[in-house]
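# Next come a sequence and a model predicted from it.
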Amino acid sequence: MSDKQPYYITTPIYYVNGLPHIGHTYTTIVCDAMARYQRQSGKNVYFLTGTDEHGDKIVQAAEKEGKTPREYVDGISGAFRNTWDSLEIDYDQFIRTTDTEHKKIVGEILQKIFDQGDIYLSEYEGLYCVGCERYLTEKELNEDGQCPDHKTKPEVIKEENYFFKLQKYLPQLEKQLQENPEVVRPKQYYNEVLGTIQELKKTKEDLSISRPKSRLDWGIELPFDNRFVTYVWFDALLNYISAIGGPESENFKTYWPHSTHVIAKDILKPHGIFWPSMLLAAGIPNYQKLMVHGYWLGWGEAKMSKSLGNAADPVELAEKAGGIDLLRYFLLREMAFGSDSKFSEVAIEHRVNIDLANGLGNLLQRTLSMIKKYFEGEIVGNLADHECANQINEIIDSKADGFHENFASFKFHMAYETVFEWIGLQNQIIEENKPWAMAKENSPDLRPLLETLLKGILTALFYLQPVLPERSKKIFDLLQQTDLDRFPRNISEIQLPSIKLEEWPIYFPRLSLVEKEK
């Protein structure tokens with residue numbers, strides 16, 4: 001086992017009643033960027049994603065396609081994995097709730113909680129939303145009596161089921177959160193969790209955790225009653241534990257104390273209340289962090305979702321956006337994590353062109369082109385820095401701590417505002433020093449200026465690497481940078497090789513996604 005500090009990050013476990021879309025993609029790219037950042041910072045990272053494959057919606061979706069549930073989940077789970085691989089998501093494990101080891105650990109934890117008297121059999125009647133796969137209260141319905149997320153009226157269902165003693169653990173959870181408010185971030189979601197706990201305490205209701213096989217047999221059988229299967233909470237949510245071997249494993253002991261779950265706000269209640277209550281009952285410490293993001297708003301100001309049919313295909317979108325990295329950058333830079341953000345081709349084009357094409361791309365292309373034009377592409381590499389190095393080093397050193405603080409807090413938009421300040425400074429240095437005029441005068445400062453700028457560009461790319469891994473690597477390869485696991489505080493940490501540049505592509509071309517008016 002590594003002696004580096006562990007860091008465990010998880011996406012939600014994605015439900016396979018439809019293909020992956022841009023909402024799933026955002027969450028996964030956030031986790032991927034954070035995993036890359038933590039690795040680059042020297043941590044021992046474990047990055048988990050996967051698919052949730054049981055429940056009513058799966059059976060319905062399979063029937064609609066004329067398939068068995070197993071055939072259906074194999075296909076959709078495969079599509080998720082293929083999408084993440086196509087988008088170069090660097091996960092450590094892809095878990096499926098149909099995995100044998102997962103089923104085993106679910107059974108063990110259920111049995112433990114049942115044996116201590118925290119699961120009991122009872123009858124319940126309520127308004128059941130198939131889309132949410134849970135009972136809704138009247139208060140949760142919209143003015144038309146519909147589920148606000150799925151725009152359908154819930155069914156009235158009365159049946160016998162097993163219940164988890166949620167009420168027993170709510171006061172403990174509330175106290176735990178009040179003592180450590182940093183567990184759920186951003187703050188508005190912490191406040192929402194506390195408010196929901198108060199509402200749940202008033203209802204005095206516990207949590208239904210099973211479905212009778214007479215209605216649903218596609219699930220993990222309860223170990224203490226084979227007439228029932230486990231409902232999503234005690235199946236899907238336990239993936240975060242089963243993926244690292246269960247509570248007794250060394251992997252669990254290493255990673256669980258350093259766990260961060262990343263979710264969208266629509267699943268705050270199960271992750272912010274049901275899941276930590278389950279952990280309390282199982283005698284397992286709570287996760288370290290729950291990071292909650294907002295929605296990408298598409299057409300008609302509705303959140304982008306497969307059930308509403310307004311979600312974009314992520315691989316197709318990456319191709320339109322000019323590549324995986326450009327889509328990654330747009331998603332992390334455009335959304336203030338925790339708030340909703342508008343999604344459109346206009347927004348992608350604007351963000352990519354302003355920051356990447358006009359900012360970083362222009363700086364890189366101009367610097368390389370002038371080295372080619374004035375020095376036949378030769379980089380000496382061991383020169384003393386130009387005097388502009390003082391300006392570049394000063395801004396990097398003054399902004400680096402803010403970058404790390406913002407990035408580690410999932411404030412990606414603020415972290416990258418910082419980096420583009422020193423990219424902007426270097427473009428300004430070019431305008432002020434006018435290297436084209438220096439070339440006419442045969443100034444001895446021209447080569448040191450261009451090579452100092454190149455080191456400044458490479459420094460910025462180290463900070464951009466978690467969100468632009470593909471483009472950064474191509475530029476690092478061009479300039480023979482091999483020690484990539486660091487964040488330089490000074491351009492003197494960058495060593496340029498003695499090489500001759502022949503040709504290179506335009507790494508950040510301008511996008512033209514939107515047809516302009518004539």
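Thanks, I have it. Since the model is a prediction, treat every value here as computed from it, not as a measurement.
# shaky segments in the protein?
In the predicted model of the chain, residues 1-2, 133, 299-312, 514-518 satisfy pLDDT under 70.
# Which residue is most remote from the mean position of it?
Glu441 (51.2 Å; C-alpha atoms, centre = their mean).
# And that one, its phi and psi?
Backbone dihedrals for Glu441, given as degrees, to the nearest 10, come out at phi -90, psi 0.
# Identify the single longest helix in this structure, thanks.
Longest helix in the chain by number of residues, with DSSP state H as the criterion: helix 412-433.
# got a list of contacts for the helix or strand following that one?
Once the chain leaves helix 412-433, the next helix or strand it forms, by DSSP states H and E, is helix 435-440. Helix 435-440 is contacted by residues 370, 373-374, 445-446, 449-450 when judged by C-beta atoms under 8 Å, 6 or more residues apart in numbering. The C-beta positions use only the backbone N, C-alpha and C, and glycine is treated the same way.
# Of all the residues in helix 435-440, which ones are buried?
435, 438 (16 or more other C-beta atoms under 10 Å).
# Then stretch 53-71?
For stretch 53-71, the neighbour count (16+ other C-beta under 10 Å) marks 53-59, 61-62, 69 as buried.
# Can you lay out the residues you listed as JSON lines showing secondary structure and distance to Tyr507?
Formatted as JSON lines, the buried residues of stretch 53-71 follow (DSSP: H, G, I helix; E, B strand; the rest coil; distance: C-beta to C-beta, whole Å):
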{"residue": "Glu53", "secondary structure": "coil", "distance to Tyr507": "40"}
{"residue": "His54", "secondary structure": "coil", "distance to Tyr507": "44"}
{"residue": "Gly55", "secondary structure": "coil", "distance to Tyr507": "45"}
{"residue": "Asp56", "secondary structure": "helix", "distance to Tyr507": "48"}
{"residue": "Lys57", "secondary structure": "helix", "distance to Tyr507": "43"}
{"residue": "Ile58", "secondary structure": "helix", "distance to Tyr507": "43"}
{"residue": "Val59", "secondary structure": "helix", "distance to Tyr507": "48"}
{"residue": "Ala61", "secondary structure": "helix", "distance to Tyr507": "41"}
{"residue": "Ala62", "secondary structure": "helix", "distance to Tyr507": "44"}
{"residue": "Pro69", "secondary structure": "helix", "distance to Tyr507": "45"}
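# With respect to Trp296, which of those residues is nearest?
Lys57 (21.7 Å; C-beta to C-beta).
# which phi and psi does Leu127 have?
Given degrees, to the nearest 10, the pair of backbone angles that Leu127 has is phi -90, psi 110.
# ok now do the residue lying closest to it once chain neighbours are set aside, which residues does it touch?
Once flanking residues are discounted, Leu127 sits nearest to Pro154: 4.0 Å by C-beta to C-beta, 6 or more residues apart in numbering. Listed by C-beta under 8 Å, 6+ apart, the contact partners of Pro154 are 127-130, 135-136, 141, 147.
# hang on, the earlier thing: for the longest helix of the chain, packing partners?
helix 324-334, helix 362-375, helix 389-408, helix 446-464 (3 or more C-beta pairs under 8 Å, 6 or more residues apart in numbering; DSSP states H and E).
# I would like the residues contacting it, please.
30, 33, 329, 332-337, 355, 359-360, 362-363, 366-367, 388, 391-392, 395-396, 399, 402-404, 406-407, 449, 453, 456-457, 459-460, 463-464, 467.
# Narrow these to just the buried residues.
30, 33, 329, 332-337, 355, 359-360, 362-363, 366-367, 388, 391-392, 395-396, 399, 403-404, 406-407, 449, 453, 456-457, 459-460, 463-464, 467.
# if we can go back for a sec, report the buried residues of the longest helix of the chain.
Using 16+ other C-beta under 10 Å as the test for burial, helix 412-433 gives 412-423, 425-427, 429-430, 433.
# which two in the contacts of Pro154 are spaced the farthest apart?
Val130 and Leu141 (14.4 Å).
# For Lys253, state which of the contacts of Pro154 is nearest.
Nearest to Lys253, judged by C-beta to C-beta, of the contacts of Pro154 is Tyr135 at 36.3 Å.
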